[in-house]
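1. got a predicted model here, sequence first, then my questions.
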Amino acid sequence: MNLVASVVIVAFGIFLIAFTGVTFAKPALAERFWRAFASSPQTHYTEQVIRLLVGAALVVLSSAMWQPGLFWLIGWGVVISSTALMCIPWQWHQRFAQRLVPTVVRHLRLCALGPLAFGALLIYAVLAR
């Protein structure tokens, strides 16, 4: 189980780092990605399933990661928030995204630094054990 969780977390970290690269190389593509958030029931539930997978992997692997308490807490935060989002009407998530995404798009390159840092932190936390 730890191997599967490690693969999920490292793959997600690589995705976050790659997304930052896309943001700087092809900002229009990154903008389309952000604007797709919660745009339909399918995207809403797909996001939540992916978040649940990553959150569960963090919870499972946290004891073997650098800073286990921190990643256990982050993992449970992701699991709980994803579960909550799955229990509310997807349109609520869509309305929230419609308010937040224009600000993210306006400051796209600055906002891309967060996923870059978190992706690098995830990979480090898995490999530094």
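-> That came through fine. Just so it is clear, the model here is predicted, and its values are computed rather than measured. Residues are numbered from 1 along each chain as shown.

2. ok, longest helix in this protein?
-> helix 2-25 (DSSP state H).

3. how about it: buried residues?
-> Using 16 or more other C-beta atoms under 10 Å as the test for burial, helix 2-25 gives A5, S6, V8, I9, V10, F12, G13, L16, I17, F19, T20, T23. For glycine as for every other residue, the C-beta is placed from the backbone atoms N, C-alpha and C.

4. my guess is the first one meets A57, correct?
-> Spelled out, that is A5. Yes - counting by C-beta atoms under 8 Å, A57 is a contact partner of A5 at 4.0 Å.

5. ok, back up a step: and after the longest helix of the chain, which helix or strand comes next?
-> helix 27-35 (DSSP states H and E).

6. so how far is that next one from its chain's centroid?
-> Averaging C-alpha positions (C-alpha atoms, centre = their mean, to the nearest Å) puts helix 27-35 15 Å from its chain's average.

7. what residues does it touch?
-> Helix 27-35 has contacts (C-beta atoms under 8 Å, 6 or more residues apart in numbering) with F19, V22, T23, V101, V104, V105, L108, R109, A112.
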